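>>> Sharing a model that was predicted from the sequence below.
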Amino acid sequence: MSETNPIESVLGFQRTILEQTHKATLESLDAQKTAFQQFADGLETLQQFQSQGADLSRNAIHTYLDSIEQANPEADIADIRELVDEQFEAAEETQAQSWETVIEAVEESTDGFEQTVETYSETVDNSFDSFLETHEEIEANTVSVAEQIEESTPDADELAN
């Protein structure tokens, strides 16, 4: 059979596409896993920013209350300062509990997600391996049939005699 058999070329092209699709699928799964992990890691940073923002707000209110006291020394704002502190402490406690719940849930989800990705990756590998084996068998059979047809078909010189 000739070196440039079009059937072999088409089947080789198909195999290349399958292998590239397999690789792209696995890379996509890895990217999703990485993105989810980065999201989970970013939650703690976001929690720190929120806490810093609350501290800045509390300090700004205290500074405002200090300026009121300086402007009016007779003003008794100790109760207001205490109320502000109590409200910030209550908010911080609620936020800490909420963040703890969210971070714990995301960590559990991350573990489950990673396990799901690993299982899916194995399934993808097995499916692609099986498909490629079947493709190779089809390729071998198709090439064999094509060679048999070519061998049994008389060429132009034989027909002329």
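Everything's here; your move.
>>> can we go C-alpha only for contacts and neighbour counts from here?
Noted.
>>> where do the helices sit along the protein?
6-71, 78-152, 156-160 (DSSP state H).
>>> Mind putting those helices into JSON lines with mean neighbour count and mean pLDDT?
Shown next, in JSON lines, are those (neighbours: other C-alpha atoms under 10 Å; pLDDT from 0 to 100):
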{"stretch": "helix 6-71", "mean neighbour count": "14", "mean pLDDT": "91"}
{"stretch": "helix 78-152", "mean neighbour count": "14", "mean pLDDT": "89"}
{"stretch": "helix 156-160", "mean neighbour count": "8", "mean pLDDT": "61"}
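>>> Now the phi/psi pair for Asn72, please.
phi -140, psi 90 (degrees, to the nearest 10).
>>> Tell me the spacing between it and Val84.
For Asn72, the distance to Val84 equals 19 Å [C-alpha to C-alpha, to the nearest Å].
>>> Same check on Gly112?
The gap separating Gly112 from Val84 is 42 Å, by C-alpha to C-alpha.
>>> Just give me the residue closest to the centre of this structure.
Taking C-alpha atoms, centre = their mean, the centroid of the chain lies closest to Gln32, which sits 1.2 Å from it.
>>> can you list contacts of stretch 136-146?
Ile7, Glu8, Leu11 (C-alpha atoms under 8 Å, 6 or more residues apart in numbering).
>>> again, only using 10 Å
By C-alpha atoms under 10 Å, 6 or more residues apart in numbering, the residues outside stretch 136-146 that reach it are 1, 5-8, 10-12, 15, 130-135, 147-152.
>>> How about stretch 39-47?
Applying C-alpha under 10 Å, 6+ apart, the contact partners of stretch 39-47 are 33-36, 48-53, 95-96, 99-100, 102-107, 109-110.
>>> repeat that for 7 Å
Under the criterion C-alpha atoms under 7 Å, 6 or more residues apart in numbering, residues Trp99, Ile103, Val106, Glu107 lie in contact with stretch 39-47.
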